[in-house]
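In: next input, structure requested:
(one chain, ligands or ions: 1)
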Amino acid sequence: MLASDQDRLNCFMHGLKRRNPHQPEFHQAVYEVALDVIPYIRDHPIYDRHRILERLTEPDRIVIFRVNWEDDQGNFRANRGYRVQQSNAIGPYKGGIRFHKQVSLDTLKFLAFEQTFKNGLTGLPMGGAKGGSDFNPKGKSEGEVMRFCQRFMAVLAHHIGPNTDVPAGDIGVGSREVSYMFGQYKHMVNQFTGAITGKGLSFGGSLIRTEATGYGAVYLLDNMLRHHGDGLENKTVLVSGSGNVAQYTVEKLIELGARVISMSDSSGTIHDPAGITTERLAWLKELKNVRRGRVQAYADEFKVAYYPGKRPWQIPCEIAIPCATQNEINTEDARTLLNNGCLAVVEGANMPTIQEGVDLYLEAGILYGPSKAANAGGVAISGLEMTQNSMRLSWSREELDRRLQGIMADIHRQCVKHGQEGKRVNYRKGANIAGFLRVADALVACGNI
Ligand code: NDP
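Out: Residues are numbered from 1 along each chain as shown. Now for the predicted structure:
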């Protein structure tokens with residue numbers, strides 16, 4: 001980086017931190033984009049004149065609200081709800097809802113910021129947003145989850161709509177929670193509209209939406225490998241997490257001939273050296289989605305190793321796909337992956353590698369697929385769910401899978417176009433610049449509003 005660009009970056013980050021104190025995840029997400037965008041802006045001063053980076057780091061608005069609900073013992077409980085509407089430059093606000101005890105404004109601002117670029121990369125008309133609550137769904141009864149979702153939506157409904165803001169699921173929010181929220185929204189507005197995605201198939205949901213984030217990550221990885229004369233067949237892969245994204249990442253990897261040897265949850269990691277099979281994955285899905293158990297039960301059932309409190313990254317592999325949560329790969333983990341000969345890291349989760357870890361991947365020249373490109377498949381099919389809802393029709397599984405593959409291939413093309421550095425492709429730079437341009441050009445065209 002030129003010294004003048006570095007000065008500009010330092011100055012920009014100093015101002016950002018001053019305006020947004022105590023928000024380290026938001027700072028991290030912005031820094032990773034600014035690193036690539038500031039040198040680009042130097043050569044394209046129109047974006048500087050319109051202060052695009054500064055505007056994109058200030059959400060259009062943030063709604064913070066109290067959610068009152070009642071637990072099974074009749075106690076009144078209160079949680080905090082949020083919706084960060086980051087940018088509607090290229091379409092209605094769009095992004096998931098997260099329910100997790102650690103949800104904070106910081107986390108949701110980083111996620112909404114990332115979402116804006118990710119949605120731009122899909123080529124579909126969707127702005128960026130994210131929302132959630134510090135409600136912890138773990139250990140809650142069915143009735144408690146339902147009542148919380150209804151009360152959360154009772155407030156959020158005033159701020160969303162099919163042409164305004166269209167939420168979806170994320171950590172702790174799957175089809176059960178989306179359905180409860182959709183039911184509440186419909187009840188309040190007396191309209192059947194696509195104001196939330198990830199719905200059940202019998203009431204406006206889209207085929208492939210459940211699978212899309214995981215499948216999409218593997219499609220991007222497949223494009224990256226083939227672009228470099230390699231392939232997925234027989235590759236040894238570590239996956240972290242065992243939720244929605246992890247499950248369908250593993251499913252597609254198995255289908256394409258890779259050997260997946262780990263999955264995890266917040267309690268520990270299982271190591272299945274022979275490779276997780278389709279039958280074992282079906283068992284795990286039932287464990288996680290129906291019985292809501294812990295991955296340790298997989299190790300007990302199939303007599304494989306279980307590492308309590310550990311993440312998978314110390315196990316030797318050729319490819320790593322983190323699918324759990326942010327910053328789950330620290331510097332030491334990244335170094336271990338590289339020392340063990342890892343060829344590629346593709347991010348199913350949002351921002352799962354800390355900044356220094358990403359620097360190590362890029363220095364080592366391995367294939368690195370950043371989250372905003374790799375996990376865009378989920379929101380892409382959400383976008384197509386919105387289209388199907390507007391047209392009041394449903395596309396087939398084959399049609400949607402074909403479109404998903406097309407969108408991931410196009411994201412790969414955009415990353416190559418903007419990230420080519422000599423013989424190698426810097427996918428982080430490519431994704432950042434391509435996502436930025438899509439949103440920035442719309443902001444420039446619409447003037448200073
Ligand atoms: P789920 O809630 O379905 O699964 C999350 C998984 O990650 C669980 O296995 C969970 O373990 C684990 N996990 C959560 N927090 C931690 C933590 N602090 N430490 C270790 N493990 C943790 O979520 P999703 O699969 O939907 O989301 C996973 C990631 O993918 C997130 O980063 C999300 O933002 C991202 N993403 C999701 C999309 C989607 O379509 N769902 C779209 C794009 C990105 P446990 O069960 O113990 O909590």
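
In: list the contacts of the residue of the chain found nearest the ligand.
Out: Nearest to the ligand, among the residues of the chain, is Gly243, at 1.8 Å (Cβ to the nearest ligand atom). From N, CA and C alone the C-beta is placed, and that goes for glycine too. By Cβ atoms under 8 Å, 6 or more residues apart in numbering, the residues touching Gly243 are 171, 174, 265, 288, 323-324.

In: filter those residues down to the ones in strands?
Out: Judged by DSSP state E, those include Asp265 as members of strands.

In: now the contacts of Gly243: which count as buried?
Out: The neighbour-count test (16 or more other Cβ atoms under 10 Å) marks 171, 174, 265, 288, 323-324 as buried among the contacts of Gly243.

In: where exactly do the strands run in the stretch 51-200 of the chain?
Out: Remark: strands assigned in the stretch 51-200 of the chain by DSSP state E, counting those that start in this stretch are 61-70, 76-87, 93-99, 128-133, 165-168.

In: ok, now the stretch 251-400 of the chain?
Out: Ranges of strands in the stretch 251-400 of the chain, per DSSP E, counting those that start in this stretch, are 259-265, 268-271, 305-308, 319-321, 344-346, 367-369.

In: list the buried residues for the longest one?
Out: Translated: strand 259-265. For strand 259-265, burial by neighbour count (16+ other Cβ under 10 Å) applies to 259-265.

In: for the residue nearest the centre of the chain, phi and psi?
Out: Nearest to the mean C-alpha position of the chain, counting by Cα atoms, centre = their mean, stands Asn350 at 4.4 Å. With angles defined as degrees, to the nearest 10, Asn350 sits at phi -90, psi 120.

In: can you tell me how far it sits from Gly96?
Out: Distance, Asn350 to Gly96, using Cβ to Cβ, to the nearest Å: 9 Å.

In: so what sits against both of these two?
Out: Contact with both Asn350 and Gly96 is made by residues Leu111, according to Cβ under 8 Å, 6+ apart.

In: what is the burial count for Lys101?
Out: 12 (other Cβ atoms under 10 Å).

In: now the one 4 residues further on
Out: When neighbours are counted by other Cβ under 10 Å, Leu105 registers 16.

In: residues contacting it?
Out: 23, 62, 64, 82, 84.

In: against Gly172, how distant is Leu284?
Out: For Leu284, the distance to Gly172 equals 18 Å [Cβ to Cβ].

In: of these two, who's got more company?
Out: Neighbour count, other Cβ under 10 Å: between Leu284 and Gly172, Leu284 has more, with 23 against 20.

In: for that one, give me the pLDDT.
Out: Note on Leu284: pLDDT of 98.

In: now it. Nearest residue, chain neighbours left out?
Out: The spatial neighbour of Leu284 that comes closest, neighbours along the chain excluded (Cβ to Cβ, 6 or more residues apart in numbering), is Tyr298 at 5.5 Å.

In: what is the burial count for that neighbour?
Out: If we define neighbours as other Cβ under 10 Å, then Tyr298 has 23 of them.

In: next one: Tyr219
Out: Neighbour count of Tyr219, defined by other Cβ under 10 Å: 24.

In: pLDDT added to the buried ones among the contacts of Gly243, as CSV?
Out: Formatted as CSV, the buried ones among the contacts of Gly243 follow (pLDDT from 0 to 100):
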residue, pLDDT
Ile171, 95
Gly174, 94
Asp265, 97
Lys288, 96
Cys323, 98
Ala324, 98
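
In: so which of these reach the ligand?
Out: Restricting those to those within reach of the ligand (Cβ under 6 Å from any ligand atom) leaves 171, 265, 323-324.

In: between those residues, which is nearest Tyr368?
Out: Distance to Tyr368 across these (Cβ to Cβ) is lowest for Cys323, with 15.6 Å.

In: quick one: the helices in the stretch 1-150 of the chain?
Out: Here the stretch 1-150 of the chain has its helices, by DSSP state H, counting those that start in this stretch, at 3-19, 24-43, 46-49, 52-56, 105-122, 142-156.

In: most packed of the ones you listed?
Out: A comparison of the helices of the stretch 1-150 of the chain by mean neighbour count, using mean count of other Cβ atoms under 10 Å, puts helix 105-122 on top with a mean of 26.

In: quick check: angle from it to strand 76-87?
Out: Angle, helix 105-122 to strand 76-87, by axes from the mean of the first three to the mean of the last three Cα atoms, to 10 degrees: 40 degrees.

In: can you give me the buried ones in stretch 439-446?
Out: 439-443.

In: circling back to that earlier point, out of the strands of the stretch 51-200 of the chain, indicate the one that is most buried.
Out: Mean neighbour count (mean count of other Cβ under 10 Å) peaks for strand 128-133 among the strands of the stretch 51-200 of the chain, with a mean of 30.

In: need the per-residue pLDDT for Lys423.
Out: Note on Lys423: pLDDT of 89.

In: measure it to Tyr368 for me?
Out: Computed with Cβ to Cβ, the distance linking Lys423 and Tyr368 is 15 Å.

In: which one of the two has more residues nearby?
Out: Neighbours per residue (other Cβ under 10 Å) separate Lys423 from Tyr368, with Tyr368 holding more: 23 against 7.

In: what residues does this structure put near the ligand?
Out: Taking Cβ under 6 Å from any ligand atom as the measure of proximity, the chain contacts the ligand at 169-172, 213, 241-246, 265-267, 323-325, 328, 348-350, 375, 378.

In: from those, which ones fall inside helices?
Out: In helices, judged by DSSP state H, the following of the residues of the chain next to the ligand are found: 213, 244-246, 378.

In: so can I have CSV of these showing neighbour count and pLDDT?
Out: Formatted as CSV, these follow (neighbours: other Cβ atoms under 10 Å; pLDDT from 0 to 100):
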residue, neighbour count, pLDDT
Thr213, 28, 98
Asn244, 27, 96
Val245, 32, 97
Ala246, 29, 98
Gly378, 31, 97
